[in-house]
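Engineer: build me a model from this:
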Amino acid sequence: MGPFTCLIEREKPSILVVDDIPSNLELMEAVFQKEGFKVYTALGASDAIDQFQNHPVDLAVLDVMMPGIDGFELCCRLKNISGKRFFPVILLTALTDRKSKLKGLESGADDFISKPFDTVELLMKIKSLLKVKSLNEELDHSENIIMTLAVAMESRDPYTKGHSSR
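Structural biologist: Numbering: from 1, shown residues only. Okay, here's the model as predicted:
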């Protein structure tokens, strides 16, 4: 490396893991941290919503079967809070029937993995969804730049005013 080379370390992607069983949380936290992710854990839906609102979370892995607000409902709520930005959610469950999978997808989940899960498969799906999220963010950023340039150009010509927003 030359004397002017600057290394900029990208911030680690962050994952919110939600389960009502502490040992499951500890297991997933250890697996994800080993892979270089920043991990936030929550023992239930209300804790998960607090974590989501107070930390920059890139992706959530939710257990479906939890007392009170289940993973399906929590998925809906997190998607609503995230608004228009793409926020990937993976549901983990022991339920393997078609009806449960459809309910998971209807709740807005981006993937559905059965327990006991294959760690390699889960990590591959997480990395794939984070790549899609990154590409989505790049696309949004590019769109903002294009709109800014178009508005700047049309402000010079009164005949084209408003065309770029249309």
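Engineer: use CA for all of it now, contacts and neighbours both
Structural biologist: Noted.
Engineer: quick one, strands of this structure?
Structural biologist: 14-18, 38-42, 59-63, 89-93, 111-114 (DSSP state E).
Engineer: which among these is found nearest to N80?
Structural biologist: Comparing the strands of the chain by their distance to N80 (CA to CA), the top pick is strand 89-93, with 12.2 Å.
Engineer: partners of the residue most central in space within the chain in the sheet?
Structural biologist: In the chain, the residue lying closest to the centroid (CA atoms, centre = their mean) is L59, at 2.7 Å. Beta-bridge partners of L59, counted by DSSP bridges, are I15.
Engineer: which ones are touching it?
Structural biologist: By CA atoms under 8 Å, 6 or more residues apart in numbering, L59 lies in contact with S14, I15, L16, F87, P88, V89, I90, I126, L130.
Engineer: ok, L62 next?
Structural biologist: V17, V18, D19, G71, C75, V89, I90, L91, L92.
Engineer: tell me how far it lies from N136.
Structural biologist: Going from L62 to N136 by CA to CA, to the nearest Å gives 22 Å.
Engineer: repeat that for F117.
Structural biologist: Going from F117 to N136 by CA to CA gives 27 Å.
Engineer: again with A94
Structural biologist: In terms of CA to CA, A94 sits 31 Å off from N136.
Engineer: got it, and L43?
Structural biologist: Counting by CA to CA, the gap from L43 to N136 is 30 Å.
Engineer: now swap in I21 and tell me
Structural biologist: For I21, the distance to N136 (CA to CA) stands at 33 Å.
Engineer: hey, what's V89 bridged with?
Structural biologist: Beta-bridge partners, per DSSP bridges, of V89: A60.
Engineer: I'd guessed it sits against D111; true?
Structural biologist: Yes - if you go by CA atoms under 8 Å, V89 and D111 touch, sitting 6.8 Å apart.
Engineer: one step back: could you dump the contacts of L59 into TSV and include pLDDT and neighbour count?
Structural biologist: What follows is the contacts of L59, written out as TSV (pLDDT from 0 to 100; neighbours: other CA atoms under 10 Å):
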residue	pLDDT	neighbour count
S14	95	20
I15	96	25
L16	97	23
F87	94	22
P88	96	24
V89	96	25
I90	96	26
I126	94	21
L130	92	20
